[in-house]
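Novice: Pasting the sequence and the predicted coordinates here, then a few questions.
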Amino acid sequence: MSLRVAVTLPTVYPDDSFADATARAAAAGADGIEFFDWDAADLETLVQATAEHDVEIAGTLSAAPGASIEGPDGMTDPDCADDAVAAIEESLPVAADLGCETLIVTTGPEQAGLDRETQYESVVDVLSRAAPAAEDAGVTLVLEPLNTVVDHPGYFLTDSAEAFDIIRAVDSPRVKLLYDVYHQQITEGNLTDTLTEHVDLIGHIHVADVPGRHEPGTGEINYANVIRALADAGYDGYVGCECFPEGDPDAAVERVVDYVESAN
């Protein structure tokens, strides 16, 4: 299997309905689509649109509140761990029914008053408890580090090395990392070495350029090289366009499709 392209509909096509955005993504050459909160989406329309245009549902976000990005709860608070596990377990059968093999999970915020080790262990605990349900559902949980410099101040998990340690500690084939190239360029750089050295732990990729989180090719990241390195390392999952195009969104998707086709 080769690399495939997905499009995060709410960021690339914010002014279109999911049906229209799916049609545009497919026409631009995408293989799949992503969206955020499944519990607020018109899933019936989305399923119809993906079937009509022959694209997959490549990813969605786990239900709130247990895995919220910036809310008061999350995986990082041991007192909220049961709620975090329940939110993931609620989302897994929905993802499976949609034919979506990837469920995005986030740690939540850093907790004031708790040391980092306690929060780290709570994240490992939540994912370890949710992993059997993910394995049964055939859905991969992908844990996402985010940058705190520009977009998500206060978020717990930023460093890819710590994130990979969490994945290893959970030790499940259905718990991997979502490596967002945009976030990690801001946080730490060293993109291609990090990606290629840990490709076995990565379950999903997101792309946008720096600065601005616009489409690849508009900033400082050499995406042709990054995507080629991914392919050479044996990554065969989705490259998801989670960007805010400053130009034509169809052209933005087509550019990522060109990068992927060249790498394949």
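Specialist: All right, it came through fine.
Novice: can we go C-alpha only for contacts and neighbour counts from here?
Specialist: OK.
Novice: which residues touch P173?
Specialist: Residues near P173 by CA atoms under 8 Å, 6 or more residues apart in numbering: E135, T140.
Novice: Would you state the helices of the stretch 101-250 of the chain in chain order?
Specialist: Assigned by DSSP state H, counting those that start in this stretch, the helices in the stretch 101-250 of the chain fall at 116-137, 160-170, 181-187, 191-197, 223-233, 249-263.
Novice: Please identify the deepest-packed of these.
Specialist: Stretch with highest mean neighbour count among these: helix 181-187 (a mean of 21; mean count of other CA atoms under 10 Å).
Novice: so what are the domain limits for this structure?
Specialist: Following automatic domain parsing, one finds the domains of the chain at 1-57+226-264, 62-194+201-207.
Novice: surely M75 meets G108?
Specialist: Yes. Under the criterion of CA atoms under 8 Å, M75 makes contact with G108 at 6.1 Å.
Novice: Reformat the helices of the stretch 101-250 of the chain as TSV; add distance to V85.
Specialist: Below are the helices of the stretch 101-250 of the chain laid out as TSV (distance: least, CA to CA, whole Å):
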stretch	distance to V85
helix 116-137	6
helix 160-170	14
helix 181-187	25
helix 191-197	28
helix 223-233	31
helix 249-263	34
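Novice: Out of these, the one nearest I104 is which?
Specialist: Closest to I104 of those is helix 116-137 (CA to CA; 11.9 Å).
Novice: Can you list the helices and strands that that closest one packs against?
Specialist: Counting contacts by 3 or more CA pairs under 8 Å, 6 or more residues apart in numbering; DSSP states H and E, helix 116-137 packs against helix 81-97, strand 140-143, helix 160-170, strand 175-180.
Novice: Which one of those has the poorest average confidence?
Specialist: Mean pLDDT values for the helices and strands packed on helix 116-137 show the minimum at helix 81-97, a mean of 94.
Novice: so how far is that one from its chain's centroid?
Specialist: 16 Å (CA atoms, centre = their mean, to the nearest Å).
Novice: for stretch 151-171, same thing?
Specialist: 13 Å.
Novice: What's the end-to-end length of it?
Specialist: Using CA to CA, to the nearest Å, one end of stretch 151-171 lies 29 Å from the other.
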